[in-house]
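> everything below, folded, please.
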Amino acid sequence: MNNPGPSRPGFSFAPEIPGPRFGVLGSGKGSNFRALAEAWKEGTLGATPAIVLSDIETAGILPLGREFGIPTHFLPPGPFRTKMTPEAEEELVRHLREARVDFVVLAGFMRVIKAPLLEAFPGRILNIHPSLLPAFRGLEAWRQALEAGVPEAGCTVHLVDAGVDTGKILGQSRVPVLSGDTAESLHARIQVAEHELYPRIVREFAKQIQG
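This is a model prediction of the structure:
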């Protein structure tokens, strides 16, 4: 599917269903985005994914978005490893506003969100993290949980604020840590829980902001 990008003539957004519109930011293959897109196609999400944006030109989430007929765009992040430049993040906000989104969903977006995006969508940016927050913030939370010897791990959907994995918790799903678990096997089970939790919380959030 040829996608000219959201700022070019002839651009059309994804088909609408009743409910809010949201933008998706991702840096990887997009498995959580797939769970959201499938719920949308089934008519059970209560919101429309209007655009998919990535800071990685080769990220799998971009062709996945096109597979679902959702507009996609790559945005060069700038020279920093863990954040976008202010100019790049302002461009990100511009694309989201052009797509007329009501809220933003992070799906494996590997950069810290800063002021331009936080100020544009205050209290309306959702993220899913592979731990039972506030435990095990940061990278490879499943590995942190395994190394800590806790009896259960899981995932959390939370609002994004200026901290790292510190925003208001919207929902959680628990996953037992089994004897013999490796980091990979535990992570795989957490991902199964994520794919159920994220669409459910997005649906609840969409209903809430719709009033």
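
> tally of neighbours for the closest residue to Val24 other than its chain neighbours?
Spatial nearest neighbour of Val24, excluding adjacent residues (C-beta to C-beta, 6 or more residues apart in numbering): Val52 at 4.7 Å. C-beta here means a position set from N, CA and C on the backbone, and glycine is covered the same way. Residues within reach of Val52, counting by other C-beta atoms under 10 Å, total 30.

> I'd guess Val52 is in a strand, am I close?
Yes: residue state for Val52 (DSSP: H, G, I helix; E, B strand; the rest coil) corresponds to a strand.

> right, and it touches Gly60 too?
No: assessed by C-beta atoms under 8 Å, Val52 is found out of contact with Gly60, at 10.9 Å.

> any residues in contact with both of these two?
By C-beta atoms under 8 Å, 6 or more residues apart in numbering, Val52 and Gly60 have these common neighbours: Gly30.

> let me see the ranges of the helices in this protein.
31-41, 61-67, 86-98, 115-120, 141-148, 183-210 (DSSP state H).

> and the shortest one, what does it pack against?
On a contact count with 3 or more C-beta pairs under 8 Å, 6 or more residues apart in numbering; DSSP states H and E, helix 115-120 meets helix 86-98.

> what's next to the helix it packs on, contact-wise?
For helix 86-98, the external contacting residues (C-beta under 8 Å, 6+ apart) are 6-7, 23, 25, 51, 53, 55, 73, 75-78, 84, 104, 113-117, 120-121.

> then stretch 148-158 to PDB, C-alphas only?
This file holds the C-alpha atoms of stretch 148-158, laid out as PDB (Å, rounded to 0.1, in the frame of the first residue of the first chain):
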ATOM      1  CA  ALA A 148      14.700 -10.200  42.100                       C
ATOM      2  CA  GLY A 149      13.100 -13.600  42.700                       C
ATOM      3  CA  VAL A 150       9.600 -12.300  43.000                       C
ATOM      4  CA  PRO A 151       6.700 -14.800  42.800                       C
ATOM      5  CA  GLU A 152       4.700 -12.800  40.200                       C
ATOM      6  CA  ALA A 153       5.300 -10.300  37.500                       C
ATOM      7  CA  GLY A 154       2.900  -8.700  35.000                       C
ATOM      8  CA  CYS A 155       2.200  -5.500  33.100                       C
ATOM      9  CA  THR A 156       0.800  -2.100  33.800                       C
ATOM     10  CA  VAL A 157      -1.000   0.500  31.700                       C
ATOM     11  CA  HIS A 158      -0.300   4.000  33.000                       C
END
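
> can you pull out the residues in contact with that stretch?
Applying C-beta under 8 Å, 6+ apart, the external contacts of stretch 148-158 come out as 126-133, 135-136, 141-142, 145-146, 165, 167-177, 186, 190, 193-194, 197-198, 201-202.

> buried ones in it?
Within stretch 148-158, the residues that count as buried by 16 or more other C-beta atoms under 10 Å are Ala153, Gly154, Cys155, Thr156, Val157, His158.

> again, but for stretch 56-70
Ile56, Ala59, Gly60, Ile61, Leu62, Leu64, Gly65, Phe68, Ile70.

> Serialize these to JSON lines and add fields for distance to Lys41.
Shown next, in JSON lines, are the buried residues of stretch 56-70 (distance: C-beta to C-beta, whole Å):
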{"residue": "Ile56", "distance to Lys41": "25"}
{"residue": "Ala59", "distance to Lys41": "21"}
{"residue": "Gly60", "distance to Lys41": "18"}
{"residue": "Ile61", "distance to Lys41": "16"}
{"residue": "Leu62", "distance to Lys41": "18"}
{"residue": "Leu64", "distance to Lys41": "13"}
{"residue": "Gly65", "distance to Lys41": "13"}
{"residue": "Phe68", "distance to Lys41": "7"}
{"residue": "Ile70", "distance to Lys41": "10"}
